[in-house]
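Student: Just the structure for this:
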Amino acid sequence: MSAPVAYVALTDTPRRARELMLALGLHRLAVVDPGNGEAVGVLRDRDLAEPVLHRCRHLGRGPRTVAELVRRCVSIVRPEVDVLTAVEYMLAAEVDALIVAGRSRVPLGVVTNHDLVRVLTRIHHDRETG
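Tutor: Here you go, the predicted structure:
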């Protein structure tokens, strides 16, 4: 899990999101409701890619806020969820990242498919070496 979580608000601009991703070397950001800080989605670098933005411009204007680009289908897991359960959640939801949050839905971190592969590889290696 990457923590502390990097996030943008629904009201932030795509430019701010892109700059934050580049500055932190991330491919995904949690998106929060600016009113209560609760997780509402995940923004991927692909959502900010030029073809997406070009398609929006072709419709008359570019996106002005992250709300216009974010995937609102957010999968949230609790911090105590084990690795296999997290994998099952990802597969069921067909997502490549989960937001980790407590009861309040305020994001604590993001766990990605790459994080899970790393952990599973380590578990496998530990079993092999005894």
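Student: in the helix or strand harbouring residue 117, what counts as buried?
Tutor: Counting by DSSP states H and E, the element that carries residue 117 is helix 113-129. Using 16 or more other Cβ atoms under 10 Å as the test for burial, helix 113-129 gives 115, 116, 119. From N, CA and C alone the C-beta is placed, and that goes for glycine too.
Student: From what I see, the second one and residue 87 are in contact.
Tutor: Spelled out, it's residue 116. Yes. Counting by Cβ atoms under 8 Å, residue 116 touches residue 87, with 5.6 Å between them.
Student: what's stretch 123-130 in contact with?
Tutor: Residues outside stretch 123-130 that contact it (Cβ atoms under 8 Å, 6 or more residues apart in numbering): residue 83.
Student: in this protein, which spans are strands?
Tutor: Along the chain, counting by DSSP state E, strands occupy 7-9, 28-32, 39-44, 76-77, 97-101, 107-112.
Student: mean confidence for the fifth one?
Tutor: In this case it means strand 97-101. Average pLDDT, strand 97-101: 89.
Student: Dump the C-alpha coordinates for that strand into CSV.
Tutor: Output in CSV follows, covering the C-alpha atoms of strand 97-101 (Å, rounded to 0.1, in the frame of the first residue of the first chain):
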residue,chain,number,x,y,z
ALA,A,97,-6.4,-0.4,-7.4
LEU,A,98,-8.3,-0.3,-4.1
ILE,A,99,-8.6,2.5,-1.6
VAL,A,100,-7.7,1.6,1.9
ALA,A,101,-9.9,3.4,4.4
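Student: Which residues are in contact with residue 96?
Tutor: 90, 112, 113.
Student: who touches stretch 29-40?
Tutor: 5-11, 17, 20-21, 41-43, 66, 70, 72, 74, 76, 99, 101, 104-107, 110.
Student: Mark which of those are buried, thanks.
Tutor: 5-10, 17, 20-21, 41-43, 66, 70, 74, 76, 99, 101, 105-107, 110.
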